[in-house]
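A.B. asks: Got a predicted structure plus its sequence, pasted below:
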Amino acid sequence: MKFGYFTAATPDWTPDEVVTHLAAQGWDGVEWRVVDDPGADEVGFWAGNRATWPMTGLEDNIDSMRELAAQAGLEISGIGAYALCSDHENVERVLAATAAIGASQVRVRVPGVGDDEQYGQVFDASREHYRWVAERAAAHGVKALLELHHRTITASPSSAMRLLDGLDPTHVGVIHDMGNLIYEGWERPLWSAQMLGPYLAHVHVKNTVFEAAGVGDDGTLNFAPKAAALRRGQVSLRTYLAELAQAGYDGWVVCEDFSTDLPLAQRTADNLAYLKECAPHA
């Protein structure tokens with residue numbers, strides 16, 4: 001297994017600081033966040049993230065994205081883009097950028113279901129969009145990845161298989177994400193990897209805990225999810241990686257730790273140490 005870090009989870013650092021720190025700590029790669037960050041007065045994961053490349057003018061930054069990683073001796077594990085599969089113009093752009101950067105894969109998102117929509121209609125439309133995505137990914141010689149993510153139409157491995165079934169796994173695949181699956185869509189990692197087979201293309205790791213969040217109007221004790229360090233969440237990282245390896249997965253494992261108990265440099269270094277401790281093929 002190779003270990004990388006997604007820059008959504010390194011908001012304090014600029015891109016050049018990201019590669020400097022990750023290389024010094026011994027990471028194998030970096031996964032660049034690409035989106036128009038809304039900006040904020042303070043640094044944050046989703047706004048004010050300094051390690052983000054803007055979608056606007058993406059093409060002007062391709063050389064810098066590639067060269068920063070190469071100069072630090074890091075591979076680019078993929079591009080963490082935010083274009084929806086229905087946004088053909090921007091999907092085409094991120095596919096082309098992925099090829100130009102020299103990466104092999106890029107996230108192409110699927111939607112959730114709005115209050116005025118029906119799941120089946122959204123699912124069928126997204127499957128047609130992803131059929132187009134697969135064709136364009138093939139044209140660019142890269143792979144488009146949908147992420148298992150709560151509150152989307154592919155919250156579980158089985159739903160992702162339904163959406164991708166029949167498409168060429170050379171050019172479309174799945175990001176398995178243990179942290180997202182805690183919220184919604186959990187299926188045993190071993191069986192999930194066996195089910196996904198060649199569609200299992202990439203892995204994200206983060207962890208979550210559920211904390212008491214008061215009592216509801218009906219007297220039920222409520223719990224709310226909170227980002228946790230890899231070492232202390234609901235999922236055993238050691239078991240998770242062992243089951244993926246048992247099913248034959250030996251690719252990228254990219255960390256996106258959104259906990260804040262430790263300072264960023266200490267957090268990233270500790271995550272790598274723990275990944276190496278837990279991974280059967282480290």
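C.D. replies: Received it, and whenever you're ready, just let me know what you need.

A.B. asks: Helices along the stretch 101-250 of the chain, start to end?
C.D. replies: For the stretch 101-250 of the chain, the helices defined by DSSP state H, counting those that start in this stretch cover 119-140, 157-164, 178-183, 189-196, 237-246.

A.B. asks: how about those helices, which one is nearest residue 47?
C.D. replies: helix 178-183 (20.0 Å; C-beta to C-beta). Bear in mind the C-beta positions are built from the backbone N, C-alpha and C, glycine included.

A.B. asks: Just give me how far that closest one sits from the chain centre.
C.D. replies: Helix 178-183 has its C-alpha centroid displaced from the chain centroid by 12 Å (C-alpha atoms, centre = their mean, to the nearest Å).

A.B. asks: Same question for stretch 186-199.
C.D. replies: 16 Å.

A.B. asks: which parts of that stretch are buried?
C.D. replies: If you call a residue buried by 16 or more other C-beta atoms under 10 Å, then stretch 186-199 has these buried ones: 186, 187, 189, 190, 192, 193, 195, 196, 199.

A.B. asks: Between the two ends of that stretch, what distance do you get?
C.D. replies: 17 Å (C-alpha to C-alpha, to the nearest Å).

A.B. asks: do stretch 134-153 as well
C.D. replies: End-to-end for stretch 134-153, by C-alpha to C-alpha: 18 Å.

A.B. asks: Let's check: the centremost residue of this protein is which one?
C.D. replies: Geometric centre of the chain, nearest residue: residue 204, 5.1 Å, by C-alpha atoms, centre = their mean.

A.B. asks: so residue 257 makes contact with residue 9?
C.D. replies: Yes. Counting by C-beta atoms under 8 Å, residue 257 touches residue 9, with 5.3 Å between them.

A.B. asks: what touches both of these two?
C.D. replies: Common contact partners of residue 257 and residue 9 (C-beta atoms under 8 Å, 6 or more residues apart in numbering): residue 206.

A.B. asks: residue contacts, residue 223?
C.D. replies: Here residue 223 is in contact with 210, 211, 212, 213 (criterion: C-beta under 8 Å, 6+ apart).

A.B. asks: ok, and the most crowded of the residues you listed?
C.D. replies: The member of these that has the most neighbours, counting by other C-beta atoms under 10 Å, is residue 210 with 15 neighbours.

A.B. asks: Now that residue. Nearest residue, chain neighbours left out?
C.D. replies: residue 223 (4.2 Å; C-beta to C-beta, 6 or more residues apart in numbering).

A.B. asks: Specify the beta-bridge partners of that neighbour.
C.D. replies: With DSSP bridges applied, residue 223 shows beta-bridge pairing to residue 212.

A.B. asks: can you list the weak-confidence ranges in the stretch 51-200 of the chain?
C.D. replies: When residues are selected by pLDDT under 70, none of them lie in the stretch 51-200 of the chain.

A.B. asks: Strands along that one, start to end?
C.D. replies: Taking DSSP state E, counting those that start in this stretch as the criterion, the stretch 51-200 of the chain carries its strands at 52-53, 75-81, 105-107, 143-147, 172-177, 200-205.

A.B. asks: So for residue 164, which of these sits nearest?
C.D. replies: Taking those one by one with C-beta to C-beta, strand 172-177 is closest: 5.5 Å.

A.B. asks: which residues does the spatially closest residue to residue 64 that is not a sequence neighbour contact?
C.D. replies: Distances taken as C-beta to C-beta, 6+ apart place residue 15 nearest to residue 64, at 7.4 Å, with adjacent residues excluded. Neighbouring residues of residue 15 by C-beta under 8 Å, 6+ apart: 7, 32, 51, 53, 64, 65, 68.
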